[in-house]
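> prediction below, plus the sequence it came from.
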Amino acid sequence: MSLEKRVTKIESSLPPKQAALLWLEDMRRSGLSTFLARLSDPHENPLIRVPQMAASAVRERSNKNRIMPELANAEREAWRQAARLVVIAVGLNLTVLHGRRSRWTCKMLLREWLHGIMRGAPPDCVMANGWRMLLTDELREARVLREVITVLSTTYYDGQSLLVTELQDDLEHHIQDLEAMAKPRKIHEPLSSCMAIDLMAVESSIKAQVPAMVANWVACARVEVLQLPGQPKGAFDLERCHPGGWEH
């Protein structure tokens, strides 16, 4: 048996979570460009390929004496479990990717705004307050996204990183840059008060938002899975196709 066939056989014998984790490891190793290319390739698209691997594994491991309805339901459930894991991970990567330009633009705006405030005379507290509000909102949004990713990873993926390395680094560097801007500055009043950011309050609001956002990602994935092509038919669906009965 060739190496390619052996690999295919191994992949086709993995339960849903292991199939998704194997794909995640390969995704991170392959990089962003390969990840995006595979999404547009019907033969390599993980939204199709990984659920099929999980469903095939059920049939590979099934007892030959298992009645057909049980096997059909087990295949469909494995397909759905794997599909949900892939849908969430793909969605998170695309969310971070699509926010790249807006994060960069906002960061540049904050830096230029800050330079203008620091050069201004007399001190402009209106400008300083606007800068503080924008920085606080941007920092909160980025840290909420990071925490949602962390909770999803811990809860459903055994702690494995869910982002392509380039996107993981991009998000981390963005947060670090914002946190550096949020540090207290040795400046005179009234600018010192106008620009002060309560990081404890930011952290508190993050903890309040994360559970609902995690639940929303999971709920949306359940809905999206139902719209994916290739889902195996369950026992009820097959009963309508085979009204004469089941074969053992």
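Now that the structure is in, tell me what you want to look at.
> quick one, what contacts the most centrally placed residue in the chain?
In the chain, the residue lying closest to the centroid (Cα atoms, centre = their mean) is L92, at 2.4 Å. Residues in contact with L92 (Cβ atoms under 8 Å, 6 or more residues apart in numbering) are I149, L152, L162, L163, W217. Where C-beta positions appear, they are placed from N, C-alpha and C, glycine not excepted.
> next, count neighbours for the first one.
Same thing as I149. Neighbour count of I149, defined by other Cβ atoms under 10 Å: 23.
> again, but for the third one
Residues within reach of L162, counting by other Cβ under 10 Å, total 24.
> SS state for it?
With DSSP: H, G, I helix; E, B strand; the rest coil as the basis, L162 sits in coil.
> look up how far K233 lies from it.
Here the criterion is Cβ to Cβ, to the nearest Å. By it, L162 lies 30 Å from K233.
> over to the fourth one?
Counting by Cβ to Cβ, the gap between L163 and K233 amounts to 34 Å.
> which one of the two has more residues nearby?
It is L163, of L163 and K233, that has more neighbours when counted by other Cβ under 10 Å, with 25 against 14.
> which residues are in contact with that one?
L163 makes contact with R28, L92, N93, V96, I149, L171, according to Cβ under 8 Å, 6+ apart.
> and those as TSV, adding distance to D137, pLDDT and secondary structure?
Shown next, in TSV, are these (distance: Cβ to Cβ, whole Å; pLDDT from 0 to 100; DSSP: H, G, I helix; E, B strand; the rest coil):
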residue	distance to D137	pLDDT	secondary structure
R28	30	92	helix
L92	21	97	helix
N93	23	97	helix
V96	18	97	helix
I149	19	97	helix
L171	16	97	helix
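> and those, which is closest to M195?
L171 (24.7 Å; Cβ to Cβ).
> number of nearby residues for R29?
R29 has 10 neighbouring residues, counting by other Cβ under 10 Å.
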